[in-house]
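Novice: what's the 3D shape of this:
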Amino acid sequence: MAEKIVQTAGRTQLGEFAPMFAFVEKYSFEGITVIPFCTSGGSGIGRSGPNMEALAGTGTWLEGKRFSGNVSEADLQSWIDGLK
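Specialist: Residues are numbered from 1 along each chain as shown. All right, here's what the predicted structure looks like:
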């Protein structure tokens, strides 16, 4: 069984945002494919995807991606289009 992460605000030591973890624990991802992504000026995505997948317990979770903080909308759209 995955270790339960409980935090309601701020960042964890791994740099992951706790509000997202609270959402993932409460929402059913049954029948949904999730591809986590983020923008950042420095830190990477780390283990956020696998950690959220473990908390969710449902859904199909694919590998995520971190974009630079100044990624363009066109670059994001191109990445999204490439996922289809």
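
Novice: mind listing what's buried in the lengthiest helix in the chain?
Specialist: If you go by DSSP state H, the chain has its longest helix at helix 73-83. By 16 or more other Cβ atoms under 10 Å, helix 73-83 has no buried positions at all. From N, CA and C alone the C-beta is placed, and that goes for glycine too.

Novice: The nearest residue to Trp79 once chain neighbours are set aside and Cys38, how far apart?
Specialist: Nearest non-adjacent residue to Trp79, counting by Cβ to Cβ, 6 or more residues apart in numbering: Lys65, 6.9 Å away. Separation of Lys65 from Cys38 (Cβ to Cβ, to the nearest Å): 8 Å.

Novice: joint contacts of these two?
Specialist: Ile45 (Cβ atoms under 8 Å, 6 or more residues apart in numbering).

Novice: if I pick Thr58, what's in contact with it?
Specialist: Taking Cβ under 8 Å, 6+ apart, we find Thr58 in contact with 28-30, 32.

Novice: Now with 6 Å, please.
Specialist: By Cβ atoms under 6 Å, 6 or more residues apart in numbering, the residues touching Thr58 are 28-30.

Novice: same deal with Met52?
Specialist: Val24.

Novice: Restricting to C-alpha, output whichever strand or helix holds it in CSV.
Specialist: Using DSSP states H and E, Met52 sits in helix 48-56. Output of helix 48-56 as CSV, limited to C-alpha atoms (Å, rounded to 0.1, in the frame of the first residue of the first chain):
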residue,chain,number,x,y,z
SER,A,48,4.7,14.3,-8.7
GLY,A,49,3.1,12.2,-11.4
PRO,A,50,3.8,8.8,-9.7
ASN,A,51,2.9,10.2,-6.3
MET,A,52,-0.4,11.5,-7.5
GLU,A,53,-1.1,8.2,-9.3
ALA,A,54,-0.6,6.4,-6.0
LEU,A,55,-2.9,8.7,-4.1
ALA,A,56,-5.6,8.6,-6.8
